[in-house]
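Peer 1: make a model of this:
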Amino acid sequence: MAWIWLTLAGLLEVGWAVGLKLTDGFSRFWPSVLTLGAMAASIFLLGLALKALPVGTAYAVWTGIGAVGTAAVGMLVLGEPATALRIGGIALIAAGIAMLKLSG
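Peer 2: Numbering: from 1, shown residues only. Modelled structure (predicted):
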């Protein structure tokens, strides 16, 4: 169950990272409310996952999911450049996440 909580926490991290862009410096009310809610929920779920997973592994996977997901949303939805170097970097992060998952 801990890995499910961790995955959901990572996906919520993507949501709040993208949400930060949409808040326009926290000047837009509803995007700000949703972003802060996603932040709180993400941290809460990370805390649940930490009951059973090592902190180093869980934190690295959480931030990795956030980094990969946010970069993907940036490229696919927000029109950020999708260069070979960026995609290669994302692939390396994803490989690191997979290695951490397999290690424990």
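
Peer 1: I97: which element?
Peer 2: Here I97, judged by DSSP states H and E, is contained in helix 84-103.

Peer 1: just give the nearest non-adjacent residue to the residue positioned nearest the centre of the chain, would you?
Peer 2: The chain has G66 as the residue nearest its centroid, 1.7 Å off, counting by C-alpha atoms, centre = their mean. Using C-beta to C-beta, 6 or more residues apart in numbering and skipping the chain neighbours, the partner closest in space to G66 is E13 (3.5 Å). No exception for glycine: its C-beta is placed from N, CA and C like everyone else's.

Peer 1: secondary structure element for the one you found?
Peer 2: helix 2-22.

Peer 1: pLDDT of the helix or strand just after that helix, averaged?
Peer 2: Going down the chain from helix 2-22, the next helix or strand is helix 29-49, by DSSP H and E. Here helix 29-49 scores 98 as its mean pLDDT.

Peer 1: now the element after helix 29-49, going C-ward?
Peer 2: Next along the chain after helix 29-49, taking DSSP H and E as the criterion, comes helix 55-76.

Peer 1: before we move on, back to that, tell me the spacing between the residue nearest to G66 and L6.
Peer 2: According to C-beta to C-beta, to the nearest Å, E13 stands 10 Å off from L6.

Peer 1: lovely, talk soon.
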